[in-house]
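Asker: Build me a model from this:
(one chain, ligands or ions: 1)
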Amino acid sequence: MRLTWSVLILSVSVSPVHCADQNLSAKELAIAKKVYTSKCSRCHEIYEPSAYRDKEWNQWMTKMIRKSRLKQAQAELLTRYTDGLRAQAKQLSIETNRVR
Ligand code: HEC
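Answerer: Predicted coordinates:
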C-alpha cells in the first residue's frame with residue numbers, strides 16, 4: 001500500500017500538464033514570446049502550436065529553427081515555450097471534455 005501511494009504521488013508530481021509554462025521565469029517567458037512573434041512571423045503568419053500533433057509540431061520546429069537561424073539558447077527557450085502552450089491547450093481540452 002505504501003509503495004502504491006509513493007508511485008501515485010511521484011506520477012502526479014512529474015505530470016507535465018501541471019507545469020504548462022515549462023517552468024519559464026518571467027524574463028524567459030518574455031524573451032520566448034518575443035522570439036516567437038518576431039522571428040517566426042518573418043515569412044508567414046504565426047501558426048497555433050496546439051493545432052498540430054506532437055510529431056508534426058516537432059518536425060516543423062526542427063525545420064523552422066534552422067530557417068530562422070536561431071541561436072541554440074533561443075531555440076531551446078522557444079521549444080519550451082511552445083511545448084508549454086501545447087500542454088496547456090491539451091489540459092484545457094481535457095477539462096472541457098470532463099465538464100461536458
Ligand atoms: C525563412 C522563412 C521562415 C521562417 C523564419 C519561419 N518559417 Fe515556418 N515556414 C516557412 C515556409 C516556406 C513554410 C512552408 C512549408 C515548408 O517549408 O515546407 C513554413 C511552414 C511552417 C509551418 C507549417 C504550416 C502548415 O502548413 O501547417 C509551421 C508550423 C511553421 N512554419 C512554424 C514556424 C515557426 C515556429 C517559426 C519560428 C521558429 C518559423 N516557422 C519560421 C518559412 C519560414
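
Asker: what residues does the protein put near the ligand?
Answerer: Lys39, Cys40, Arg42, Cys43, His44, Tyr47, Trp60, Met64, Ile65, Lys67, Ser68, Leu78 (C-beta under 6 Å from any ligand atom). Every residue, glycine included, has its C-beta placed from N, CA and C.

Asker: Would you mind checking the residues you listed for buried ones?
Answerer: Neighbour-count burial within these applies to Lys39, Cys40, Met64, Ile65, Ser68, Leu78; the criterion is 16 or more other C-beta atoms under 10 Å.

Asker: and the host helix or strand of the fourth one, what does it pack onto?
Answerer: When elements are assigned from DSSP states H and E, Ile65 belongs to helix 54-68. Using 3 or more C-beta pairs under 8 Å, 6 or more residues apart in numbering; DSSP states H and E, the elements in contact with helix 54-68 are helix 72-99.

Asker: Quick check: mean pLDDT of the helix it packs on?
Answerer: Looking at helix 72-99 alone, the average pLDDT works out to 91.

Asker: Which residue, other than its chain neighbours, is closest to Asp83?
Answerer: When the adjacent residues along the chain are set aside, Asp83 lies closest to Gln22, with 5.8 Å between them (C-beta to C-beta, 6 or more residues apart in numbering).

Asker: So the one you found sits against Arg86, correct?
Answerer: No: contact between Gln22 and Arg86 fails when scored by C-beta atoms under 8 Å: they sit 10.0 Å apart.

Asker: Can you classify the residue nearest to Asp83 as helix, strand or coil?
Answerer: The local conformation at Gln22, judged by DSSP: H, G, I helix; E, B strand; the rest coil, is coil.
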